[in-house]
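1. Build me a model from this:
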Amino acid sequence: MNTLEKDLADVLETEEARQHALVKNDQGALEWLLADDLVHVHSSGQVHTKPEFMAHLNRMGGFRSIERGPLDIRVEGDIAIVTGSTINGVTKPDTREPVTLEGFATQILRRGPKGWQIVLSQLTPFRDGPQGK
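-> All right, here's what the predicted structure looks like:
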């Protein structure tokens, strides 16, 4: 396996670990996976820092499910960009109502002393349903 293949595999493993940690509300894993300077942009446009996002996850109890479509992963040195569709099952913290969010997700990861960590995560909802239909 060459360096690029290893980087792609490591980034994919990090993305899968992120999904698992969000569904399990595994705060310890998220502390490791999310960079301290994380910017998380919700589908509503609300922006959270890492501490704000972690507190938000605690209020909502984590994600109910995450289903990703095919991912495009690009690695440029110590930066990786992961893009693709996603269907997220979440619970509204205020009403406890289950909600399904469908959209296009972007994660930007940076390689550092702890390995690959997410520095930006953003979900843009599909305007007219899945894949813009």
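2. Please count neighbours and contacts with C-alpha atoms only from this point.
-> Will do.
3. Over to Ala35. Which of the three states is it?
-> Secondary structure, DSSP: H, G, I helix; E, B strand; the rest coil: Ala35 is strand.
4. Pretty sure it sits against Ser121.
-> No - here Ala35 lies out of contact with Ser121, judged by C-alpha atoms under 8 Å, at a distance of 10.8 Å.
5. quick one: low-confidence parts of the chain?
-> Low-confidence segments of the chain, defined by pLDDT under 70: 129-133.
6. In it, which strand is the longest?
-> Identified as the longest strand of the chain according to DSSP state E is strand 98-112.
7. quick check: angle from the next helix-or-strand element following that one to strand 98-112?
-> With elements assigned by DSSP states H and E, the helix or strand that comes after strand 98-112 is strand 115-125. Strand 115-125 and strand 98-112 are oriented at 150 degrees to each other (axes from the mean of the first three to the mean of the last three C-alpha atoms, to 10 degrees).
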